[in-house]
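Undergrad: coords below, sequence missing:
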């Protein structure tokens, strides 16, 4: 398609994304704003001429006690329980003097809210219960004397409501934090999965291209037919890897609500895998023991990837251009063993340069895949060859 046709389409998509992008949230309100509002309400409650004489401070000392919570509330962020206890004590002092200050009750409710947002639910209910009982008893015995008086009930309900509201706020904050943490974990897992899939998709084919490019370069003058054969293999491998990357990109570009997983290979495709390695010059012999049809789901995919990674390493690092694969399936697990010879001189003198289960991106990703199905994997030099072994547990199926 001409380039001029693509540009308007890209611009249209960009415009749609810009129009549907949500606006950034408003900045949070500073904490001192709430302190000022609470302090103003407490002072106003001490100055309002309530019709009930119990609500009005009768002296300068009583007024000072009534407005003291306004000075204590800013400290609740550092010591919420201590501030709540001090305000309840002030309420008791005022009640013993014959004053039931609504402003002090409001301060106690704000302090109780601060305790609930910074404590566990059990501690919140304990502190709220003690505070509500203290306020209720002080209201009854110091100034009211009637257990059914609505004023005492209202004060207790105010403390309880503040505790419930604070606990709900704390629960919501923890829920949002948990959702964000889970989202970050899913993003990390998705990145790892994409990295593993990308490695599994291109590692083998890139290795084939690299090896055959070397063959074509060395045989270009002396054996042109060999060079043409190698170039044909390179062309086929490049076509294959481009197709597989295209399939992977289709999955990644799909919308979340219609995205489907890319088709995953399994042990049923072992013959095709061996055939592709045979085209690159690696002779692979396979021995199957047991019924591999028992291997399903994630274990089937991981088992295939184990064989693929082991044969890729055998092709890159092995000697003799041959490898042997043993797949043994039982009712409880599947065992995979892949062996291949290695250059004797290099193997003895430089065995540390060969891949191990803890080195290399391929085997590192393979170890993560095996661990995801609760399996184990080991790799290293054994005798004159290299051995990679994996054991994957299977789900036992009960026959009806």
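TA: That came through fine. All of these numbers come straight from a predicted model, not from anything done at the bench.
Undergrad: buried residues in the helix or strand harbouring residue 270, which are they?
TA: Using DSSP states H and E, residue 270 sits within helix 270-279. With burial defined by 16 or more other C-beta atoms under 10 Å, the residues of helix 270-279 counted as buried are 270, 273, 274, 276, 277. Where you see a C-beta, it was placed from the backbone N, CA and C, and this is true even at glycine.
Undergrad: contacts only, for the second one.
TA: With contacts taken as C-beta atoms under 8 Å, 6 or more residues apart in numbering, residue 273 has the following neighbours: 265, 304, 307, 308, 311.
Undergrad: what's around the second one, how many residues?
TA: The burial count assigned to residue 304 is 21, neighbours taken as other C-beta atoms under 10 Å.
Undergrad: who touches it in this structure?
TA: 264, 265, 266, 267, 269, 270, 273.
Undergrad: thought the first one was touching residue 302?
TA: Think residue 264. No: using C-beta atoms under 8 Å, residue 264 is not in contact with residue 302; the gap is 9.7 Å.
Undergrad: between those two, who's got more neighbours?
TA: Set residue 264 next to residue 302 and count neighbours by other C-beta under 10 Å: residue 302 wins out with 24 against 15.
Undergrad: got the contact list for the more buried one?
TA: Here residue 302 is in contact with 369, 370, 372, 373, 375, 390, 392 (criterion: C-beta under 8 Å, 6+ apart).
Undergrad: please identify which pair of the residues you listed lies farthest apart.
TA: The most widely separated members of these, counting by C-beta to C-beta, are 372 and 390 (12.3 Å).
Undergrad: compare the two (neighbour count), which wins?
TA: Comparing residue 372 with residue 390 by neighbour count (other C-beta under 10 Å), the higher total belongs to residue 390, at 28 against 16.
Undergrad: tell me the one among the contacts of residue 304 nearest to residue 242.
TA: For the contacts of residue 304, the nearest to residue 242 is residue 265 (17.8 Å; C-beta to C-beta).
Undergrad: surely that closest one touches residue 301?
TA: Yes: here residue 265 reaches residue 301: they are 6.9 Å apart, a contact under C-beta under 8 Å.
Undergrad: quick one: low-confidence parts of the stretch 251-400 of the chain?
TA: 251-252, 254-263, 320, 344-362, 395-400 (pLDDT under 70).
Undergrad: show me where the stretch 301-400 of the chain has strands.
TA: In the stretch 301-400 of the chain, the segments counted as strands under DSSP state E, counting those that start in this stretch are 322-329, 333-341, 376-382, 385-393.
Undergrad: repeat that for the stretch 1-150 of the chain.
TA: Going by DSSP E, counting those that start in this stretch, the stretch 1-150 of the chain shows no strands.
Undergrad: ok, which stretches of it are helices?
TA: For the stretch 1-150 of the chain, the helices defined by DSSP state H, counting those that start in this stretch cover 3-20, 31-47, 60-72, 80-96, 102-117, 121-138, 150-219.
Undergrad: to residue 238, which of those helices lies closest?
TA: Smallest distance to residue 238 across the helices of the stretch 1-150 of the chain (C-beta to C-beta): 6.3 Å, for helix 150-219.
Undergrad: so how far is stretch 90-98 off the chain centroid?
TA: Centroid separation between stretch 90-98 and its chain, computed with C-alpha atoms, centre = their mean, to the nearest Å, is 52 Å.
Undergrad: I'd like to check what contacts it. Which residues are they?
TA: 54, 57-59, 61-62, 65-66, 68-69, 100-101, 104-105, 108, 134-135, 138-139, 142-143.
Undergrad: do stretch 171-181 as well
TA: Contacts for stretch 171-181 (C-beta under 8 Å, 6+ apart): 117, 121.
Undergrad: list the contacts of the residue nearest to residue 386 when sequence neighbours are not counted.
TA: Distances taken as C-beta to C-beta, 6 or more residues apart in numbering place residue 342 nearest to residue 386, at 5.1 Å, with adjacent residues excluded. When contacts are counted by C-beta under 8 Å, 6+ apart, residue 342 touches 317, 318, 319, 354, 381, 384, 385, 386.
Undergrad: of all the strands of the stretch 301-400 of the chain, which one comes closest to residue 48?
TA: strand 385-393 (72.9 Å).
Undergrad: helices or strands up against that closest one?
TA: helix 297-317, strand 333-341, strand 376-382 (3 or more C-beta pairs under 8 Å, 6 or more residues apart in numbering; DSSP states H and E).
Undergrad: partner strands of it, with direction?
TA: Note on strand 385-393: by DSSP bridges, its sheet partners are strand 333-341 (antiparallel), strand 376-382 (antiparallel).
Undergrad: okay, now residue 377: neighbour count?
TA: Counted with other C-beta under 10 Å, residue 377 comes out at 22.
Undergrad: and what of residue 290?
TA: 14.
Undergrad: list the contacts of it.
TA: Residue 290 neighbours (C-beta under 8 Å, 6+ apart): 328, 329, 330, 334.
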